[in-house]
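Peer 1: can't give you the sequence, but here's the structure:
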Ligand code: 1CP
């Protein structure tokens with residue numbers, strides 16, 4: 001079912017051309033603090049925000065007017081422009097591709113919509129062996145609008161790296177089984193035990209489409225990729241290890257080692273919320289960098305993962321509306337806590353809340369860039 005994938009990024013890729021390989025983001029993702037001791041030259045401290053493209057920006061709300069979420073993602077001009085908006089406004093150190101974890105479902109032909117104020121909703125939930133067997137195969141040619149959007153985006157970004165992403169198999173399958181967002185993800189968790197064979201077939205399908213989605217974004221010009229297992233925190237350690245981890249590892253296997261012919265591979269990031277107790281397991285799925293949510297102090301994350309693991313995170317979004325001195329003190333604390341890790345990219349501990357004042361985000365970026373080594 002997989003096409004024989006290329007082993008290298010194309011010669012005109014930003015990593016192959018050396019545009020993004022020495023960016024502050026990639027240096028931290030690669031754990032630059034341990035490679036040669038101090039960084040070769042002083043550089044600014046990298047920061048980007050999950051959900052930096054989106055409803056917190058008035059220019060986003062304006063562009064999206066009259067176009068549904070998934071149609072916006074599949075319009076290359078629109079998706080590219082939305083991806084670039086937060087980079088222009090906030091001077092963040094990376095763009096994250098404007099898309100959604102359910103885009104591969106839509107491209108495979110699964111009936112799915114993003115309902116405003118709700119999230120992904122499927123025409124029909126996927127709950128039985130027959131439902132899973134009937135899932136369509138995703139043809140890589142369907143990624144054409146993604147490829148075009150990324151080519152447009154990287155042409156504008158120059159030396160600023162673009163991050164591609166996908167949903168991890170559990171998080172994607174959670175929407176497929178429930179048919180919509182849910183609080184406790186009981187549907188997929190029950191399927192693991194009631195019908196492990198069907199669960200494994202569904203998670204394998206999800207790993208395939210997500211793996212190929214990440215791969216398509218990297219091939220088209222992304223310089224790093226992040227797998228979002230947003231709902232993995234609803235799983236106990238044993239369930240994660242036995243029923244989920246192998247599928248996340250399978251998703252990463254589509255992009256592992258993918259780099260320019262003569263350079264280091266594109267770094268891979270793994271993030272989930274509520275994952276403090278499975279952080280060490282998350283790391284074994286194949287990522288270089290672990291994204292930490294807002295619940296766990298980064299000093300403790302480094303204790304759990306070891307000092308060789310670069311970290312991303314974990315400013316608590318709940319601080320964003322606070323008085324500036326309160327927010328500033330919190331950010332300085334996160335920077336200090338991240339200093340024991342081999343690398344540290346600042347981010348939020350989950351996505352930007354839609355009601356966030358964008359001027360606060362710009363000020364957060366300025367502060368982070370002003371904090372010296
Ligand atoms: O109308 C709108 O503006 C819809 C809101 C929205 C946006 C802006 C959705 C619906 N998706 C997105 C874009 C999106 N989704 C990005 C874009 C890039 C960026 O970060 O700036 C990314 C990375 C995602 C990934 C995504 N989608 C995740 C993983 C990250 C996370 O936040 O945990 C998840 C769980 C989804 C599903 C989804 N899509 C949209 C919503 C509201 C949700 C969550 C629904 C739920 O609560 O279950």
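Peer 2: That came through fine. Keep in mind it's a predicted model, so treat the numbers as computed, not measured. Numbering: from 1, shown residues only.
Peer 1: Provide a list of residues in contact with the residue in the stretch 1-150 of the chain that the ligand sits nearest to.
Peer 2: Residue nearest to the ligand within the stretch 1-150 of the chain: residue 119 (2.6 Å; C-beta to the nearest ligand atom). Bear in mind the C-beta positions are built from the backbone N, C-alpha and C, glycine included. Shown here is residue 119, whose contacts under the criterion C-beta atoms under 8 Å, 6 or more residues apart in numbering are 175, 180-181.
Peer 1: residues in contact with residue 311?
Peer 2: Residues 289-292, 298, 301-302, 305, 338, 341, 343-345 are the ones in contact with residue 311 under the rule C-beta under 8 Å, 6+ apart.
Peer 1: Tell me the secondary structure of the closest residue to it other than its chain neighbours, please.
Peer 2: Spatially, and ignoring its direct neighbours in sequence, residue 311 is nearest to residue 341 (4.4 Å; C-beta to C-beta, 6 or more residues apart in numbering). Applying DSSP: H, G, I helix; E, B strand; the rest coil to residue 341 yields a three-state assignment of coil.
Peer 1: Check what pLDDT the residue of the stretch 1-150 of the chain closest to the ligand gets.
Peer 2: For residue 119, the model assigns a pLDDT of 97.
Peer 1: returning to what we had before: which of the contacts of residue 119 tops the neighbour count?
Peer 2: Scoring the contacts of residue 119 on neighbours with other C-beta atoms under 10 Å, the highest-scoring entry is residue 175 at 27 neighbours.
Peer 1: ok, that residue touching residue 126?
Peer 2: No: using C-beta atoms under 8 Å, residue 175 is not in contact with residue 126, being 9.4 Å away.
Peer 1: Distance check, the residue of the stretch 1-150 of the chain closest to the ligand against residue 86.
Peer 2: Distance, residue 119 to residue 86, using C-beta to C-beta, to the nearest Å: 21 Å.
Peer 1: Which other helices and strands does whichever strand or helix holds residue 368 contact?
Peer 2: With elements taken from DSSP states H and E, the one containing residue 368 is helix 358-370. The criterion is 3 or more C-beta pairs under 8 Å, 6 or more residues apart in numbering; DSSP states H and E, and the helices and strands that helix 358-370 contacts are helix 76-90, helix 324-338.
Peer 1: Tell me who's in contact with residue 175.
Peer 2: When the contact criterion is C-beta under 8 Å, 6+ apart, the partners of residue 175 are 101-102, 119-120, 122, 181.
Peer 1: and what of residue 44?
Peer 2: Shown in contact with residue 44 (C-beta under 8 Å, 6+ apart): 24, 93, 369.
Peer 1: What about the ligand: which of the residues you listed touch it?
Peer 2: Restricting these to those touching the ligand (C-beta under 6 Å from any ligand atom) yields no residues.
Peer 1: which residues touch residue 97?
Peer 2: Contacts of residue 97 were listed using C-beta under 8 Å, 6+ apart, and they are 79, 83, 149-150, 153, 162-165, 217, 222.
Peer 1: And the helices in the stretch 101-250 of the chain?
Peer 2: Counting by DSSP state H, counting those that start in this stretch, the stretch 101-250 of the chain forms helices over residues 103-108, 129-133, 144-157, 169-178, 186-194, 196-220, 237-239, 245-253, given from the N-terminal end onward.
Peer 1: With mean pLDDT and distance to the ligand added, can I get these in JSON lines?
Peer 2: Conversion of these to JSON lines gives the following (pLDDT from 0 to 100; distance: least, C-beta to the nearest ligand atom, whole Å):
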{"stretch": "helix 103-108", "mean pLDDT": "98", "distance to the ligand": "9"}
{"stretch": "helix 129-133", "mean pLDDT": "98", "distance to the ligand": "20"}
{"stretch": "helix 144-157", "mean pLDDT": "98", "distance to the ligand": "12"}
{"stretch": "helix 169-178", "mean pLDDT": "98", "distance to the ligand": "6"}
{"stretch": "helix 186-194", "mean pLDDT": "97", "distance to the ligand": "13"}
{"stretch": "helix 196-220", "mean pLDDT": "98", "distance to the ligand": "11"}
{"stretch": "helix 237-239", "mean pLDDT": "97", "distance to the ligand": "19"}
{"stretch": "helix 245-253", "mean pLDDT": "98", "distance to the ligand": "14"}
